[in-house]
Structures are given as C-alpha cells and as structure tokens.
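S.K.: Next input, structure requested:
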Amino acid sequence: MKIGFIGLGIMGAPMVKNLLKDNHTVYVNDLNAEAVEMAVSHGATAVASLQEMAENAEAFITMLPNGAIVKSVLLDAENGLYPHLKEGQVVVDMSSLTPTDSIEIGAKLEAKKVIFADAPVSGGEPLAITGELSVMAGCREEHFARVEEIVASMSKSVIRVGDIGAGSTVKLSNQIIVNVNIAALSEAVVMAKKFDIDLEAMFEAIRNGLAGSNVMEAKFPKMIAEDYNPGGTININYKDLYNVTSTSDAEQLSLPLSNMVKEMYKSEVINGNGMNDHSGVIKYIERINNM
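M.R.: Sure thing, here's the model as predicted:
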C-alpha cells in the first residue's frame with residue numbers, strides 16, 4: 001500500500017521501518033528533519049507538505065503526542081490534511097487521545113467520506129521495534145478489515161473494540177493498568193532497598209508468582225539498573241493519565257488511583273524528569289523517603 005506516516009518519534013520511527021520491511025511505500029513528514037532523514041535512509045520517501053502526501057498516499061497513519069496536534073494535522077483547513085483528503089482514503093490515528101477527541105475527528109472525516117479509525121497501541125518502544133504492538137481499534141465494523149491490513153506490519157494483535165472512540169477509551173483503561181502497576185512496583189522496590197534486599201534475587205523470587213506481569217518484566221530490570229532511558233516517557237504517560245482523569249471527571253467517575261499516580265508523574269515532570277522512562281517514577285517514591 002501507499003501509506004503516509006506523520007509522527008517519527010520514539011514509537012513512530014520503528015513503526016515506519018516495519019511498514020517498509022513489508023514492502024509498503026511510505027511517505028513521511030515530520031518537524032524533526034533528522035528523523036525524516038533516518039526514515040529516508042531505510043527506504044521511506046520524504047514529502048514537503050501534507051498536500052503532497054495526500055496526493056500520493058491511499059492511507060495515512062498519525063502517531064503524535066497529543067490531541068491538539070492530531071487535530072491540527074488532520075483537521076486544519078489551511079495547513080492540515082483535511083482540505084486534500086479524498087473519498088475512500090483511510091486515516092488511522094494511533095496516538096493516545098481522549099475518546100471525545102477521536103469522536104470529533106471521526107465525525108469530520110466521515111463527513112468527507114474518509115474512513116477513520118482510532119487505533120492506539122500498547123507495548124512501548126521495544127514492541128514497536130519488533131513489530132509486535134497490540135492495537136485496540138475503534139472503527140465501523142465494515143471498515144475493520146481495511147484498517148487491520150494497514151497496521152498489520154507493526155502489530156502482533158489487532159482487535160476491534162467498538163466504534164470510533166472505543167479504541168481511545170480502551171487505551172486509557174490500558175494506561176491506568178500500566179501506570180498504577182509501575183507505581184506499585186516502585187513502592188515495592190523502595191521498600192526492598194530500605195532493607196538492603198538483593199533486587200535481582202527479589203525479581204527472580206516473585207516474577208513467576210501472582211505479582212508477575214509484563215509490566216514487571218519490562219520495568220523491574222530498569223529499576224534495578226537505574227536505567228531510565230525511555231521506552232515510554234513520563235511526559236507521555238502523564239499526558240495519558242491527564243486524559244484519563246479529565247475524561248473521568250467529565251463522566252463523573254471517581255478514579256482515585258489514577259489521580260494519585262498522575263500527581264506522582266506531575267511531580268517528576270516539575271522536577272525536570274519528564275523525558276525519563278516511566279519506570280523513573282520510582283524517583284518520586286525515593287525522594288519522599290529521603291533515599
């Protein structure tokens with residue numbers, strides 16, 4: 001397929017590589033010239049504008065930091081894709097937005113007879129690199145096969161979880177589970193450190209029990225090594241938890257754990273640690289314990 005890809009960050013760059021490995025033609029556009037050059041070195045084609053991308057591609061993927069940027073790229077009447085999109089083209093937004101944002105985007109694109117799916121992912125940079133992301137797609141049932149075809153090169157599983165907006169809702173639920181788990185793991189590691197426990201031995205002792213999880217497998221070794229190079233940054237996960245709490249407030253839901261963990265992430269952002277991996281929230285627990 002001919003696919004336009006917008007957003008060559010930590011996740012987007014390896015996703016493009018996997019599209020290219022499957023012999024898709026990929027057109028890229030990004031504010032980061034170095035990221036564009038890297039994508040081109042792997043076989044992508046750089047385009048100077050979104051208009052040029054729309055003229056060449058049959059489908060588009062966005063992988064961008066937040067809803068405001070996604071809406072600007074997709075819907076802006078002057079500089080966005082919107083005025084150049086044609087009937088039958090497909091837009092798959094793989095960013096993490098609120099369901100309200102996804103529904104708004106979907107309504108405007110469908111008015112132009114453009115197919116839209118909100119299809120955020122789980123798995124972080126490691127699974128973006130291996131092409132084994134889990135995709136939770138929100139789209140019309142009759143459009144799912146086409147959406148699945150577009151994202152298959154980057155994913156291990158693609159599940160339609162409902163209509164437009166459902167993908168974003170399930171992603172927010174996913175982020176509650178991931179980030180509350182990371183916070184709990186941080187407290188457990190800090191407690192073990194206080195008693196001089198061998199953390200490698202602790203990891204082996206508990207990883208195959210009920211506490212074991214994909215989160216533990218991915219994040220406990222980083223905490224042991226104090227390696228906070230990002231697979232998923234605190235900044236991005238703080239944004240996701242902000243989306244969780246703003247959505248829950250709008251729906252009058254009480255989510256106390258999500259709110260507490262969001263404030264931990266916010267503290268790390270304020271302390272200049274926003275670009276650390278989200279396992280770096282352990283620094284918050286260490287700081288309040290003078291460790």
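
S.K.: Surely Gly232 and His278 touch.
M.R.: Yes - the pair Gly232 and His278 passes the contact test of Cβ atoms under 8 Å, sitting 5.3 Å apart. C-beta here means a position set from N, CA and C on the backbone, and glycine is covered the same way.

S.K.: More neighbours: these two, which one.
M.R.: Neighbours were counted for Gly232 and for His278 using other Cβ atoms under 10 Å; His278 has more, 31 against 25.

S.K.: How about the contacts made by the more buried one?
M.R.: For His278, the set of contacting residues under the criterion of Cβ atoms under 8 Å, 6 or more residues apart in numbering consists of 178-179, 182, 219, 230, 232-234, 236-237, 265.

S.K.: for the protein, which helix is longest?
M.R.: For the chain, the helix with the greatest residue count under DSSP state H is helix 166-194.

S.K.: Tell me the spacing between Asn290 and Asn276.
M.R.: Computed with Cβ to Cβ, to the nearest Å, the distance linking Asn290 and Asn276 is 20 Å.

S.K.: now swap in Pro14 and tell me
M.R.: Counting by Cβ to Cβ, the separation of Pro14 from Asn276 is 20 Å.

S.K.: if we can go back for a sec, compare Asn290 and Asn276 and say which one has the larger neighbour count.
M.R.: Using other Cβ under 10 Å as the criterion, Asn290 and Asn276 rank with Asn276 on top: 22 against 5.

S.K.: which residues sit in contact with the more buried one?
M.R.: The contact partners of Asn276, by Cβ under 8 Å, 6+ apart, come to 228, 230, 233-234, 268, 283.

S.K.: got a winner among those for most neighbours?
M.R.: With neighbours taken as other Cβ under 10 Å, the top of these is Ile234, carrying 28 neighbours.

S.K.: Show the contacting residues for that one.
M.R.: With Cβ under 8 Å, 6+ apart as the criterion, the residues that contact Ile234 are 265, 268-269, 273-278, 280-281.

S.K.: What ranges does the stretch 151-291 of the chain have for its helices?
M.R.: Applying DSSP state H, counting those that start in this stretch to the stretch 151-291 of the chain gives helices spanning 166-194, 199-206, 214-225, 234-250, 256-270, 282-288.

S.K.: The last one packs against which elements?
M.R.: Counting contacts by 3 or more Cβ pairs under 8 Å, 6 or more residues apart in numbering; DSSP states H and E, the secondary-structure elements packed against helix 282-288 are helix 166-194, helix 256-270.

S.K.: mind giving me JSON lines with those and columns for mean pLDDT and distance to Met223?
M.R.: Formatted as JSON lines, those follow (pLDDT from 0 to 100; distance: least, Cβ to Cβ, whole Å):
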{"stretch": "helix 166-194", "mean pLDDT": "97", "distance to Met223": "5"}
{"stretch": "helix 256-270", "mean pLDDT": "98", "distance to Met223": "14"}
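
S.K.: Need the winner for burial among the ones you listed.
M.R.: helix 166-194 (a mean of 20; mean count of other Cβ atoms under 10 Å).

S.K.: now that helix and helix 214-225, what's the angle there?
M.R.: 40 degrees (axes from the mean of the first three to the mean of the last three Cα atoms, to 10 degrees).

S.K.: Give me the distance between helix 166-194 and the centre of its chain.
M.R.: For helix 166-194, the gap between its own C-alpha mean and the chain's C-alpha mean amounts to 15 Å (Cα atoms, centre = their mean, to the nearest Å).
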